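In: Structure of the sequence below:
(2 chains)
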Amino acid sequence: MSREILDARRLLCPLPVIRTQDKVKKMLPGQQLEVVCTDPGVMQDIPAWCRINGHQVLETITNEGEYIVVLQVGE
Amino acid sequence: MNKQRKAVALISGGLDSMLATKVIMEQGVHVEGINFFTGFCVEGHTHAIKKKDKAKPKRNNSLWVAEQLGVKLHIVDVIEEYKDVLINPKHGYGANLNPCLDCKIFMVNKAKQWIEENDFDFIITGEVMGQRPMSQRKETMPVVAKESGADERLLRPLCAKNLPATLPEREGWVNRDELYDFSGRSRKPQMALAEKYGFVDYAQPAGGCCFLTDESYSKKLVDLWQARGNKEYELDDVMLLKVGRHIRPQPHFKMIIAREEGEGRFLQGYKKDFISMNCISHSGPLTLLDGQLSEQDLQLAAQITARYGQGRDAEQVEVNIHLPDGTEKQISVKPLKASEIPQEWFV
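Out: Numbers count the residues shown, from 1 in each chain, chains lettered A, B, ... in the order given. Below you'll find the model as predicted:
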């Protein structure tokens, strides 16, 4: 399964959500995206954005000041 | 069978746009939300920079509203385009640097472009006549519709009955009888409607949803423009004005001093862009320095930085100076007393 990485470090919400939204628009259903952030707000906002827009969060990881959300693009 | 009509709602995350969207959804219209990020939006996460706010639940209110309503939300980055709105507002500013009327016209115009690109029929806003002194007055509502180009495709469900019927009403896409006639600054009609829909946990930002309505923030922005000699700005400038204690000891340089751990962590991210300093003999805040500083300026900045650390009463404090290229040097200074920092240095 192909996985792309989006570096959204240093951005404050909602910019990581906007960057995720713009990236996902260019991806195909089933593809995975790993969004790497430093704003802890993404742990709520990206999953909320995914629920609203029909994408699936596969994993959320907190690691030494970084917050990573892995999602799968929906139909 | 009648075609299902489609509307886009400007969703700020507050109650009014939430209600306006719900009113139109209840009439069988397909609604999606749109939210514009100008860089000046007051969001929980901006406050979340501060460590003391970490315990509070963090959420983006526009996303939360969309989820509660079960509508898609499109968040649009308008940071670059918004600069012209802020720098050259045709209708001027409000009490501070808030160009509310131009801002509303800009956003409705962007929504108009969006409905044209996405084959939607009309635009909804949560505006209430008389609710806000600049953009939501009886005289300015037609101005927004006209100058945005949305004209009759702009529907304000909460106060539609106070206004001439728009295209969606005349064409029967929505039933005007089921729209509202709210007016004035009272929130009681909105609260009653919220209760009717079962909305209990909605955001009610006390100072609006934009930093430009904030006096202290606006002063910092004016100071930035004056120091640079022009009104240009980048997103990082906008973000840094929200963080720390801002002190300008000389016209050619400004200090941004972290007020607590969370702000210090946030400012750390800018050490490659600014000269920074912090006390090393005592615990103390991280300071960013904006401008061209001489050795004498660095000395003064170090004395001020030391004033805000644990060594404020010490005879000498060691301060580390970090340059954007990674080189460092240490100097020893006597912290300034509080009385030695003139009030006019504080931005």
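In: all helices of the stretch 201-347 of chain B, in order?
Out: Here the stretch 201-347 of chain B has its helices, by DSSP state H, counting those that start in this stretch, at B:215-228, B:235-240, B:261-268, B:295-307.
In: Which of those helices sits closest to residue B:286?
Out: Residue B:286 lies closest to helix B:261-268 among those, at 4.5 Å (Cβ to Cβ). The way it works is simple: take the backbone N, C-alpha and C, and place the C-beta from them, glycine included.
In: Which positions in the closest one come out as buried?
Out: For helix B:261-268, burial by neighbour count (16 or more other Cβ atoms under 10 Å in any protein chain shown) applies to B:262, B:263, B:264, B:266, B:267.
In: residue contacts, the last one?
Out: Residues in contact with residue B:267 (Cβ atoms under 8 Å, 6 or more residues apart in numbering or on different chains) are B:243, B:244, B:256, B:258, B:276, B:286, B:287, B:288.
In: Point out where the chain drops to low pLDDT.
Out: Unless you meant another one, I'm taking chain A. Residue ranges of chain A with pLDDT under 70: A:1.
In: oops, chain B please
Out: In chain B, residues with pLDDT under 70: B:1, B:43-58, B:133-135, B:204-208.
In: neighbours around residue 7, how many?
Out: As the question left the chain open, I've gone with chain A. Around residue A:7 sit 12 other residues, with neighbours defined as other Cβ atoms under 10 Å in any protein chain shown.
In: Actually, chain B is the one I wanted.
Out: Residue B:7: 27 surrounding residues under other Cβ under 10 Å.
In: can you tell me the helix or strand for it?
Out: Taking DSSP states H and E as the definition, one finds residue B:7 inside strand B:6-10.
In: Need the nearest residue in space to the residue in the stretch 101-250 of chain B that chain A sits nearest to, chain neighbours excluded.
Out: Nearest residue of the stretch 101-250 of chain B to chain A: residue B:239, at 6.6 Å (Cβ to the nearest Cβ). Spatial nearest neighbour of residue B:239, excluding adjacent residues (Cβ to Cβ, 6 or more residues apart in numbering or on different chains): residue A:12 at 6.6 Å.
In: Report the central residue of chain A.
Out: residue A:35 (4.3 Å; Cα atoms, centre = their mean).
In: A strand includes it, no?
Out: Yes: Residue A:35 forms part of a strand when assessed by DSSP: H, G, I helix; E, B strand; the rest coil.
In: pretty sure residue B:35 belongs to a strand, no?
Out: Yes: using three-state DSSP, the secondary structure at residue B:35 is a strand.
In: name the element the closest residue to it other than its chain neighbours belongs to?
Out: Excluding the flanking residues, the one nearest residue B:35 by Cβ to Cβ, 6+ apart is residue B:62, at 4.2 Å. Using DSSP H and E, residue B:62 sits within helix B:61-69.
In: how far does that helix sit from the chain's center?
Out: How far helix B:61-69 lies from its chain's middle: 18 Å, per Cα atoms, centre = their mean, to the nearest Å.
In: distance of the closest residue to residue B:13 other than its chain neighbours from residue B:15?
Out: Sequence neighbours aside, residue B:61 is the residue nearest to residue B:13 in space, at 2.8 Å (criterion: Cβ to Cβ, 6+ apart). Counting by Cβ to Cβ, to the nearest Å, the gap from residue B:61 to residue B:15 is 10 Å.
In: go on, residue B:327?
Out: 52 Å.
In: Looking at those two, which one has more neighbours?
Out: residue B:15 (21 against 8).
In: Would you check that that one makes contact with residue B:200?
Out: No: judged on Cβ atoms under 8 Å, residue B:15 makes no contact with residue B:200 at a distance of 10.9 Å.
In: Mind listing the shared neighbours of the two?
Out: Jointly contacting residue B:15 and residue B:200 under the rule Cβ under 8 Å, 6+ apart are residue B:194.
In: Which residues of chain A lie near chain B?
Out: Contact residues, chain A versus chain B (Cβ under 8 Å from any Cβ of the partner chain): A:10, A:12-15, A:17-18, A:21, A:38-41, A:44-45, A:48-49, A:51-53, A:65.
In: Can you flag the buried ones in those residues?
Out: By 16+ other Cβ under 10 Å, the residues of chain A next to chain B give A:12-15, A:17-18, A:21, A:38-41, A:44-45, A:48-49, A:52-53 as buried.
In: Inside helices: which ones of those?
Out: Among these, the ones falling in helices (DSSP state H) are A:15, A:17, A:18, A:21, A:44, A:45, A:48, A:49, A:52, A:53.
In: just curious, which of those is nearest to residue B:166?
Out: residue A:52 (27.5 Å).
In: Let me see the contact set for that closest one.
Out: Residues in contact with residue A:52, defined by Cβ under 8 Å, 6+ apart, are B:63, B:66, B:67, B:71, B:72, B:73.
In: need the contact list for the residue nearest the centre of chain B.
Out: The centre of chain B sits closest to residue B:41, judged by Cα atoms, centre = their mean, with a distance of 1.9 Å. By Cβ under 8 Å, 6+ apart, residue B:41 lies in contact with A:14, B:209, B:210, B:211.
In: ok, the last one - how many residues close by?
Out: Going back to what we said before, that points to residue B:211. Residue B:211: 25 surrounding residues under other Cβ under 10 Å.
In: my guess is it meets residue B:219, correct?
Out: No: Residue B:211 lies out of contact with residue B:219 (Cβ under 8 Å); the separation is 11.6 Å.
In: Kindly point out which residues are neighbours of both of the two.
Out: Common neighbours of residue B:211 and residue B:219 (Cβ under 8 Å, 6+ apart) do not exist.
In: excluding its backbone neighbours, what's nearest residue B:240?
Out: residue B:256 (6.0 Å).
In: Which residue or residues pair with the one you found through a beta bridge?
Out: Note on residue B:256: beta-bridge partners by DSSP bridges are residue B:246, residue B:288.
In: Isn't residue B:145 up against residue B:156?
Out: No: using Cβ under 8 Å, residue B:145 makes no contact with residue B:156, being 9.2 Å away.
In: what about these two, which has more around it?
Out: The neighbour comparison of residue B:145 against residue B:156 (other Cβ under 10 Å) goes to residue B:156, with 26 against 22.
In: in which helix or strand would I find residue B:23?
Out: Judged by DSSP H and E, residue B:23 forms part of helix B:15-25.
In: Any chance you could list what contacts that helix?
Out: With Cβ under 8 Å, 6+ apart, helix B:15-25 has contacts from B:7, B:9-11, B:31, B:33, B:65, B:68-69, B:71, B:124-128, B:131, B:155-158, B:174, B:178-180, B:187, B:190-191, B:193-194, B:197, B:199, B:202-204.
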